[in-house]
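Enquirer: Sequence first, predicted coordinates after that:
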Amino acid sequence: MGEFSRQIIEVSRGLVKRAQAPEQAGLFAGLNPATYNPNDPFPLWVIQTIIIIAMSQFLALFLGRIRQPRVIAEVIGGVLLGPSVMGRIPGFTNAIFPKDSLPMLTLTSTIGLIFFLFLVGLEIDMRIVKRNAKASTAISVAGLVIPLGLGAALAIPLYHQFIDPSVNYGYFILFVAVAVGITAFPVLCRILTEVKLLETTVGVVVLSAGVGNDVVGWVLLALTVALVNASTGLTALWVLLTGAGFALFLLFPVRWAYVWLAKRSGSFETGQPSALMVTLTLIIILVSAFFTDIIGIHPIFGGFLAGLIIPKDNGFAISLVEKLEDFIGLLLLPQYFALSGLKTNLGLLDNGITWGYTILICVVAFFSKFLSCSIAAKSFGYNLRESGAIGALMSCKGLVELIVLNVGLSANILNTRTFSMFVLHALVLTFITTPLTLWIYPARVRTHAGAFVENRYINEKRAEDGDDQAGSSNAILKTKFAVVLDKIEQLPAAMTLTQLLQRPSKNIVPSTRTVSLAEKVSVEDTQMPSALSPTIASTPRAISIDALRLIELTERTSAVLKSQAAESLVHSDPVLSVFRTFGLLNKFSVSASLSVVSYDEFSANVADHARECGSDMVLIPWSSSTTFSEDSSSSSGVVANPFDTLFGKHSSQDQTSSIVYSQFIRRTFANTPTDVALFIDRGLTNSTSSEIHPHVFLPFFGGPDDRLALSFVVQLCTNDAITATVVRVKKVDSNDLSPMSTIEDIKGTHFPSLGHGQSLNFPDTVYGQHSTQTRLQSETADNIAWAQFTSHTTPHKAEVAHALSRVTFLEEQAVAPLHRVVDLAAQEASRESIRPLFIVTGRSRRLAAESHEVELRQLISEKRVSIGSDAAKTLGDVAAAFVATGANASLLVLQARN
């Protein structure tokens, strides 16, 4: 009977004895819960589990920052808890990990390992092998044959130096050869996803070669275990034949029945496994593991086979993984690797010979994989960098080798000294894989698979052509937009803004543009003359949208599966499907792409996407279902934070999501090489009208962001349903409020904190100082931009002239410009009561004409609101003023390209 079955029987007997034992008062009777009690092992098991999880999570926080797989943290945590470090503390091992308590911990860790191997088998998609089949097969064979041979050669001196002669010589050679020759496919998948190599030529061939290498490795492991557990050669033959027959039984009739039932239950069609399918899957995993265990093969092989039969279509496998992975990966699996660390005693590496052989193991294991796979890749036309990256990635070890080593240790093929030597070598090789790959194959030299690279060069050329026309009238109207979608909640805002960007489908007859001030508030300046604008005949160009769907990459297996299936997921993702349908109905082109990256890399991914697609502007939607009037104050009399209200947050609710998303937006503002627009939908999609006819209000203060906002408002007004009011505001001196001319002046003056909002010490995106010359240049550019749209002598294309006929330009001088624009916006809202107000502002965090921070604080004090510093840092002072005053309007905040 197998080891796993014996563990179940031992634990069951202990539970029966516990049921027969009399009740105890427990803690109140003076019992120590950390003392092992065979009648009640649960308290100590909980203590052990919490310590293991806490140690692995703590190490993962630091190792994750240098892109190391979680398995590294889990194994190192076990080594620290074992005899190498904390085991040297007197009484620690006997108190926390007594020998008698290990069977219960071993049983739960084995269950976790079985289910994890099910996830490993589920990750393997044999369809991947078809991609670059010849190259991947050659690399896989070279990465197996040569390392297996060199591993067998390495085993000879190791056996004579460290192994007891009673150990079977052939079995030891077989175990060492498998340990050296195997590649850790699960860790390899995570590294490829983490360093964004899945879409490159290197990632495609490594993934294909890794699949074949992994399957052969598990077959060799099953063969090795069968030989070790068999008493005679004939028994070993029966074990292998039975195992092969069971594998065929699972892969064909059981798989056919499983797929048939999934279709009949509707699980396959919806992509969501029903309770029946989840129950059936769990039964298959346990029965498969039980059978492979009792015939003499390790139970993990049964879990691996069960994973292979799960269909990968329509997201069924991903949904199934999402239901299991957290319990397995966070609770049970760390126990297994902690036990590996507990069995590791680095103190036994106490002489030069041992360290010399440890280094030799590392050298042979690395270079046998690196050189063989690199040479095979070079023979198929890959360049030196690509070949080196393939070799470095294929040398990854990690958890698969640890499983092999644990099997060898439990079978007494390895002793504690050689086990510790191989564990150290596995950690070293896994640790160097990521940095070595990034050094050999950095992002600047990567080649993307398929036609993606061709499209990128076309878009770069298109972007260069667009830069050459920056000063012409063509630069006024943007045609290529990138829309960022990371949640389905952002769809209404994205749809609203793209709908407003729609242009007339036919040529526009030029109309007279009259700037009328009679219907507006009185101003201090003189009225501008009305005139017929010269027009240039043209045909409007349709806009195109590049929708970027972002999915967060986590340590979860489901995230890795989504990353591998990104090419198919881009066609089935519900968010992209809805947006594509919206584009089809509104007759504009939508191209979609999907990226699975860590949340910290969202902004960098947006920047790369905008650069590769040649986008004129990046649109970031931010939706909220509430309005200022609904939540601007609470019934208890405590003033709510308007920035929290803006995004549907209450003071009693968790504010983390808003803060994290605002940090993503600020990173995007800082890193994106093109224009960026943040659209905060506060009312347009809540309109009861069947059509949206917003009125746009733009306060123009000057600076590159305001100039961009001015031209964008003109573009919005090419839509016949939109009208606009643009107010140029100049600040004048007053004894009541001393003007601060620049942001740099603010930096040198101490003020109290802006508010009590949480910022998590995220750095602000205030840009470098500008000199008097650059300030004068910016002011001149402001005057030119203003005159371009207000002067009746400036020639415009027909659609621009048509848009300007619906724009009213005003000029204001004010002591308190923020107060003035807030009042003007309120007047516009009351005057256009039947039309939703749409406020457009420049972010003005760099090269701003003046800083409004002092007045913003004064405005906040007058309104008796508490606004977090994140509001001003994310939106800019002007938009933050509208937030603080509770303006019931949607906001569009723009920042010009850096």
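Expert: Done, it's in.
Enquirer: mind saving the C-alpha coords of the helix or strand hosting residue 192 as CSV?
Expert: For residue 192, the host element (DSSP states H and E) is helix 185-194. In CSV, the C-alpha atoms belonging to helix 185-194 read as follows (Å, rounded to 0.1, in the frame of the first residue of the first chain):
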residue,chain,number,x,y,z
PHE,A,185,7.1,24.2,-16.2
PRO,A,186,4.8,25.9,-13.6
VAL,A,187,7.6,28.2,-12.5
LEU,A,188,8.6,28.8,-16.2
CYS,A,189,5.1,29.9,-17.0
ARG,A,190,5.1,32.4,-14.2
ILE,A,191,8.5,33.8,-15.2
LEU,A,192,7.5,34.2,-18.8
THR,A,193,4.3,36.0,-17.8
GLU,A,194,6.1,38.2,-15.2
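Enquirer: Residues in contact with that helix: which ones?
Expert: Here helix 185-194 makes contact (Cβ atoms under 8 Å, 6 or more residues apart in numbering) with 67, 69, 71, 119-120, 123-124, 198, 203, 206-207, 210-211, 213-214, 393-394, 396-400, 430, 433-434, 437, 553, 555, 557, 559-560, 563-564, 596, 598. For the C-beta atoms, the positions are set from N, CA and C on the backbone; glycine is no exception.
Enquirer: Narrow these to those in strands?
Expert: residue 596 (DSSP state E).
Enquirer: Okay, now the unreliable bits of the stretch 701-850 of the chain?
Expert: The stretch 701-850 of the chain contains residues with pLDDT under 70 at 734-772, 774, 832-834, 847-849.
Enquirer: Tell me which stretches of it form strands.
Expert: Counting by DSSP state E, counting those that start in this stretch, the stretch 701-850 of the chain has strands at residues 723-731, 796-797, 807-814, 837-842.
Enquirer: Give the buried residues for the helix or strand just after the last one.
Expert: The reference is to strand 837-842. The C-terminal neighbour of strand 837-842 among helices and strands, as given by DSSP H and E, is helix 853-863. The neighbour-count check on helix 853-863 (16 or more other Cβ atoms under 10 Å) flags 853, 854, 855, 856, 857, 859, 860, 863 as buried.
Enquirer: Which residues are in contact with the fourth one?
Expert: Residues touching residue 856, when contacts are defined by Cβ under 8 Å, 6+ apart, comprise 754, 818, 872, 877, 880, 881, 884.
Enquirer: Could you double-check that the last one sits in contact with residue 858?
Expert: So the one you mean is residue 884. No. In this structure, residue 884 is not within contact of residue 858 by Cβ atoms under 8 Å, at 10.6 Å.
Enquirer: Please give the per-domain residue ranges for this protein, including any split domains.
Expert: Domain ranges of the chain: 3-445, 456-510+532-895, per automatic domain parsing.
Enquirer: returning to what we had before: so which of the contacts of residue 856 wins on neighbours?
Expert: Ranked by the number of neighbours (other Cβ atoms under 10 Å), these place residue 880 first, at 32 neighbours.
Enquirer: can you tell me how far that residue sits from residue 826?
Expert: According to Cβ to Cβ, to the nearest Å, residue 880 stands 16 Å off from residue 826.
Enquirer: Check residue 409 too.
Expert: With Cβ to Cβ as the criterion, residue 409 and residue 826 are 76 Å apart.
Enquirer: Neighbour count: those two, which is higher?
Expert: Taking neighbours as other Cβ under 10 Å, residue 409 and residue 826 compare with residue 409 leading, 21 against 16.
Enquirer: Just list the residues touching that one, thanks.
Expert: The contact partners of residue 409, taken as Cβ under 8 Å, 6+ apart, are 343, 415, 416, 419.
Enquirer: The second one contacts residue 164, doesn't it?
Expert: It stands for residue 415. Yes. If you go by Cβ under 8 Å, residue 415 and residue 164 touch, sitting 7.2 Å apart.
Enquirer: neighbour count winner among those two?
Expert: Taking other Cβ under 10 Å, residue 415 and residue 164 do not tie; residue 415 has more neighbours (15 against 8).
Enquirer: From the contacts of helix 185-194, which land in helices?
Expert: With helices taken from DSSP state H, the overlap with the contacts of helix 185-194 comprises 71, 119-120, 123, 203, 206-207, 210-211, 213-214, 393-394, 399-400, 430, 433-434, 437, 557, 559-560, 563-564.
Enquirer: if you skip the residues just before and after it, what's nearest to residue 732?
Expert: Here the nearest residue to residue 732 in space, its sequence neighbours aside, is residue 813; by Cβ to Cβ, 6 or more residues apart in numbering that works out to 5.1 Å.
Enquirer: burial measure for the one you found, as a count.
Expert: 14.
Enquirer: does it really touch residue 733, like I thought?
Expert: No. Under the criterion of Cβ under 8 Å, residue 813 makes no contact with residue 733, lying 10.6 Å away.
Enquirer: worst average pLDDT in the domains of the chain?
Expert: With a mean of 74, domain 456-510+532-895 has the lowest mean pLDDT of those.
Enquirer: did I read that right, residue 551 in a strand?
Expert: Yes. Under DSSP: H, G, I helix; E, B strand; the rest coil, residue 551 sits within a strand.
Enquirer: tell me the contacts of residue 114?
Expert: By Cβ under 8 Å, 6+ apart, the neighbours of residue 114 are 4, 285, 286, 289, 299, 300, 302, 303.
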